[in-house]
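>>> following is a predicted model, sequence given first.
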Number of protein chains: 2
Amino acid sequence: MPYSLSDQLMRAARQPGPARVHDHSGSADWQGIAQRVALMAGALRDLGVKPGDRVALLGHNSIDYLCLYFAIPWAGAIGVPINTRLSTAEVIEQLEDSQSSVLLVDADFAAVAQAACERLPSLRHSVCLGRTTPPPGTSSLEQLLAQATPVADAGRCDDDVAILFYTGGTTGRSKGVILTHRGVVVGTLQWAYTVGVGASDTLLIAIPMFHIAAGMNAIAAVMMAAGLVIQPRFDPAATLELIARHRITKTALVPTVLEMLITSPHFAQADVSSLTRITYGGAPMPTRILELALARLPHTRFYQIYGQTESGGVATCLLPEFHAVGGEAGRKRRTAGRPVVGMDLRILDAEGRELPQGEVGEICLRGLALTPGYWNRSEQTAALYTDGWLRTGDAGFLDTDGFLTIVDRVKDMIISGGENVFAAEVEGVLYQHPAVAQCAVIGIPSERWGEEVHAVVLLHTGASAGAEDLMAFCRERIGAFKCPRSVSFRNEPLPMTSLGKIRKNELRAPFWASRAELQDNT
Amino acid sequence: MPYSLSDQLMRAARQPGPARVHDHSGSADWQGIAQRVALMAGALRDLGVKPGDRVALLGHNSIDYLCLYFAIPWAGAIGVPINTRLSTAEVIEQLEDSQSSVLLVDADFAAVAQAACERLPSLRHSVCLGRTTPPPGTSSLEQLLAQATPVADAGRCDDDVAILFYTGGTTGRSKGVILTHRGVVVGTLQWAYTVGVGASDTLLIAIPMFHIAAGMNAIAAVMMAAGLVIQPRFDPAATLELIARHRITKTALVPTVLEMLITSPHFAQADVSSLTRITYGGAPMPTRILELALARLPHTRFYQIYGQTESGGVATCLLPEFHAVGGEAGRKRRTAGRPVVGMDLRILDAEGRELPQGEVGEICLRGLALTPGYWNRSEQTAALYTDGWLRTGDAGFLDTDGFLTIVDRVKDMIISGGENVFAAEVEGVLYQHPAVAQCAVIGIPSERWGEEVHAVVLLHTGASAGAEDLMAFCRERIGAFKCPRSVSFRNEPLPMTSLGKIRKNELRAPFWASRAELQDNT
């Protein structure tokens, strides 16, 4: 039986029920969504979009963004959601890499679209969403829809490519991660099973829909024919209002955003009693935020998700019962939990041998919804798998109960004099120093040691500490081979990706500029 | 990524934990199960089993039965679980149809195995499970294992055939329903999602493992690395004892077996407080049993499953909240619920047109885990699907909320004078007559009407009613065209399949013996 996004949408459309999909501009039922999808697909066909073409999307969350998630595959094409926080040059890089023929944008991004059309001959059309009059050279989606007729589903399914998610650029040029129709459908089912999303839920999407986490929530809402509220972007007061108005049962956040929500001045007045589940990703919940969250959202259960676009979005999950502060269960709180159903996990050394429990190595995955590889990058695709196991590039270890602790990125591991140094461990020590506001530990070239541990540090305003102070602070706490041999100080915050990760590659670049090693590190 | 039973078992084996798999003879952890599976696969190879071969299984539930579920595909072969309640002739028919080369049996079935080996040249080996000395001509699995070495997984996956479940013979010769590796893995995930089976569950299998319902429970336990208790066969006192001893959280039963459990003289003393979920299938729960169950198992939630082997086991589910007696929710209790996640459902007329809500037609399915067809039956396989939709052969209708009511088998529908008569409706009326103990309504040949409604009836001991009484009783309650035109009385219970369905084909046969129509009906 085919696995396809269109089939899942048609199933939802056939379930009777009231209008349960809402955004800032209106409401729709699943049948209405399906009708608009078929019409949008017709408009894409009218633009000359053919099966297998790439169609890019640059905009804030909306019902139309959701519709395009489905309309592009319905027309037989491949969706390319683009990060709204990228520079114009970065957007153009992804449009060029994917060879997208159409770009759909919010009015806010019309200038980016114009610049991209001028630069890229492969980009044949830019189309503006919404009801505003588009700038010259850009079509209006509404006008296209007024002239279009609905088309039949193109029938793409199974191993056909459904979507390309470009990964953030912490380590070099971003790559398009291929997700197939089957991967998306089964990955969403796997995730929905894990966190228990069902037809009676009303999901809130407040995180950006160009990210796979929001994508899974949106597709889960379709697969379950659940309720779905789409917020253009997170805003504490507005999010709290939406939770109360729509009786939201589940949402996905990152810990810092959760903190903003529960410390908002509007929180005390807000009715959040419907919110039974929050999923969050990227990192364990800091104790401070968790304690506050448990106190202020006593009826809410928390699920920590560890995953990456390459794994189909979710690899492990720390379940609610391990979110206690203190006690036996609380001891698991700093872990990323256990592999989700259908996901197998091994820790391998650099030679691909399985390491025993407790030893740190590369986290490798085997599962139902993994990517087949990167778009048009055969070399990096070949390096992604070893003997059928996906190499995540993350370093970690398993405890006796099978819970995973993530130590670091393998690429952030520094090999100094034959010893492995995990940057995250050293950073954790530096953050204990009262003067340190922000830091990143990287490997820099060393004639003697191969690599040498180096710290890049931003001090708190008014605080002072010298390189020797910080190095001595570290030597009191961790092995000498792990301690920075040098420190460089910054006056401005370290460069970050849109997902809040420090761009270490940018920090490393000046040190390695003359070395071939930098190329290997991208 | 490959979808395979072996991968799922290896995932379970890698999850640390205590021995959570138990039967009457012992206990094992998932790693031990995986080791035994690899050894059993080695023994099958030693017998000459090659990838794609069929290996049949005839026995009561046990850990070894579970191991063989996985060892046969691990060796690259296709499992054929056989109903233990069949006659020797019927067993031989399925062995011949599947062209099985090996038959593994419990000691109880050694004679059947011998008879089959004598009759079928294609059956090269019969192997006896357990520690008893096998009869001449039959090998002992334990002896084979003592000489075998574990082998690597044959790597069968995705669209490769994993298992053949032979369907019961209510309508003609039984057919082998093909389930692929992907179908089994995704179908089990779909089902586990629906009823919420997880790693912390301990499942009890008391229904026979040759049936897909037990198979899904067993495979779900593997996929979740859950606890699993396997009972050779249902027995109220022993089942209650197992529930208490192993703190069983979930089991699958049929309504009549549930009634036996909760009306057992041992029930009052039994600790069933751990049992939070019961799935049951085949039919809505009779009010009498439901009321008793809700009173005696107040902490247990009930899930009614409607499905067939062809749909991968589960098509719709009636969730616990609709098991109330009375009230708004209780009005859905006589339905089969709504399609499960990943399953689309339409009601089609004989010409394949979709019928509007409320109208009775054939229930057709489209989903993630459907069978690709019947083993070696291209004609029946071709008839199974229309435009990509599986024809279940069941008649039903959807209500305004999308809940399915199953009316009858399409094949049990009688077309009399151009009017559709659903046997189940007429039987429902006959059962209201105090004298009727058992009845079946069938179509018999009629010169005038094409078919004519006929009732086969067994009266209660000591009760009396004539054909005219029963026909008049019907005429007072339903339209004249639905009422039996003739009645035949039986002195013995009507012939039943092992699943408790009346063998209507057997009842029809004498009436249609001289007609070609009977052939069409198989």
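Thanks, I have it.
>>> can you tell me if stretch A:286-302 touches chain B.
No. Figure legend: stretch A:286-302 not in contact with chain B (CB under 8 Å from any CB of the partner chain); closest approach 13.8 Å. The way it works is simple: take the backbone N, C-alpha and C, and place the C-beta from them, glycine included.
>>> which residue packs closest to A:A252, ignoring adjacent ones?
Here the nearest residue to A:A252 in space, its sequence neighbours aside, is A:T279; by CB to CB, 6 or more residues apart in numbering or on different chains that works out to 4.6 Å.
>>> and the one you found, how many neighbours?
22 (other CB atoms under 10 Å in any protein chain shown).
>>> help me confirm that it is found in a strand?
Yes. Assigned with DSSP: H, G, I helix; E, B strand; the rest coil, A:T279 falls within a strand.
>>> so chain A: which segments form each domain?
Following automatic domain parsing, chain A resolves into domains at A:1-8+A:23-157, A:417-520.
>>> between these, which one is nearest to chain B?
Nearest of these to chain B, taken as CB to the nearest CB: domain A:1-8+A:23-157 at 4.8 Å.
>>> and the residue of the stretch 51-200 of chain A that's closest to chain B?
At 4.4 Å from chain B, A:Y193 is the closest residue in the stretch 51-200 of chain A, using CB to the nearest CB.
>>> right, and the domains of chain A - which one's nearest B:H433?
Across the domains of chain A, the minimum distance to B:H433, taken as CB to CB, is reached by domain A:1-8+A:23-157, at 44.2 Å.
>>> report how many residues lie close to the closest residue to chain B within the stretch 301-450 of chain A.
Per CB to the nearest CB, the residue of the stretch 301-450 of chain A with the smallest distance to chain B is A:D344, at 4.1 Å. Burial of A:D344 is recorded as 21 neighbouring residues (other CB under 10 Å).
>>> the one helix or strand it maps to - what's its average pLDDT?
Taking DSSP states H and E as the criterion, the element that holds A:D344 is strand A:343-348. Computed over strand A:343-348, the mean pLDDT rounds to 96.
>>> parallel or antiparallel, list what pairs with the helix or strand that it is followed by.
Next helix or strand after strand A:343-348 toward the C-terminus (DSSP H and E): strand A:361-367. In the sheet containing strand A:361-367, the strands it pairs with under DSSP bridges are strand A:343-348 (antiparallel), strand A:389-398 (antiparallel).
>>> next, the closest residue to A:C128 other than its chain neighbours: secondary structure please.
Counting by CB to CB, 6+ apart, the nearest residue to A:C128 once its immediate chain neighbours are dropped is A:P134, at 3.7 Å. Following three-state DSSP, the label given to A:P134 is coil.
>>> so who does A:V105 touch?
Residues near A:V105 by CB atoms under 8 Å, 6 or more residues apart in numbering or on different chains: A:57-59, A:112-113, A:126-129, A:138.
>>> coming back round to it: do you know how far the closest residue to the residue of the stretch 51-200 of chain A closest to chain B other than its chain neighbours is from B:A152?
Closest residue to A:Y193 apart from its sequence neighbours, by CB to CB, 6+ apart: B:Y193 at 4.4 Å. Summarising the geometry, the distance separating B:Y193 from B:A152, computed by CB to CB, to the nearest Å, is 31 Å.
>>> check A:L44 too.
In terms of CB to CB, A:L44 sits 47 Å off from B:A152.
>>> between those two, which has more neighbouring residues?
The residue with more neighbours, out of A:L44 and B:A152, is A:L44; 29 against 10, by other CB under 10 Å.
>>> wait, the more buried one touches A:I72, no?
Yes. Distance between A:L44 and A:I72: 6.8 Å, which falls inside the contact criterion (CB atoms under 8 Å).
>>> so what sits against both of those two?
With contacts defined as CB under 8 Å, 6+ apart, the residues adjacent to both A:L44 and A:I72 are A:V55.
>>> so how many other residues sit close to the residue of the stretch 51-200 of chain A closest to chain B?
Burial of A:Y193 is recorded as 23 neighbouring residues (other CB under 10 Å).
>>> how near is it to A:L430?
Taking CB to CB as the measure, A:Y193 falls 40 Å from A:L430.
>>> what helix or strand is A:S488 located in?
The secondary structure element spanning A:S488 is strand A:486-490 (assigned by DSSP H and E).
>>> how about A:P81, phi and psi?
According to degrees, to the nearest 10, the main-chain angles of A:P81 amount to phi -80, psi 130.
>>> quickly list what it is bridged to.
In beta-bridge terms (that is, DSSP bridges), A:P81 pairs with A:L57.
>>> all helices of the stretch 151-300 of chain A, in order?
Listed in chain order, the helices found in the stretch 151-300 of chain A under DSSP state H, counting those that start in this stretch are A:181-195, A:212-224, A:236-246, A:255-262, A:287-296.
>>> torsion angles phi and psi at the spatially closest residue to A:E492 that is not a sequence neighbour?
Here the nearest residue to A:E492 in space, its sequence neighbours aside, is A:L458; by CB to CB, 6+ apart that works out to 7.2 Å. For A:L458, the backbone dihedrals are phi -120, psi 130 (criterion: degrees, to the nearest 10).
>>> so A:L458 touches A:L494, yeah?
Yes. With the criterion set as CB under 8 Å, A:L458 and A:L494 qualify as a contacting pair; they are 6.4 Å apart.
>>> elements contacting the longest helix seen in chain A?
Once chain A is assigned using DSSP state H, the helix that runs over the most residues is helix A:30-46. If you count contacts as 3 or more CB pairs under 8 Å, 6 or more residues apart in numbering or on different chains; DSSP states H and E, helix A:30-46 packs onto helix A:5-14, helix A:63-74, helix A:141-147.
>>> which helices and strands sit right next to the second one?
Right, helix A:63-74. Helix A:63-74 sits against helix A:5-14, strand A:21-23, helix A:30-46, strand A:54-58, strand A:78-81, strand A:161-166, helix A:212-224, strand A:227-230, with contacts defined as 3+ CB pairs under 8 Å, 6+ apart.
>>> what lines up beside the shortest one in the sheet?
Based on DSSP bridges, the strands next to strand A:21-23 in the sheet, each with its direction, are strand A:26-28 (antiparallel), strand A:227-230 (parallel).
>>> so what touches the last one?
Spelled out, that is strand A:227-230. By CB under 8 Å, 6+ apart, strand A:227-230 touches A:20-23, A:61-63, A:65-66, A:201-205, A:209, A:218, A:221, A:242, A:246, A:248.
>>> so what's the gap between that strand and the chain middle?
Relative to the chain's own centre, strand A:227-230 is displaced by 19 Å; criterion: CA atoms, centre = their mean, to the nearest Å.
>>> quick one: mean pLDDT over that strand.
Per-residue scores along strand A:227-230 average to 98.
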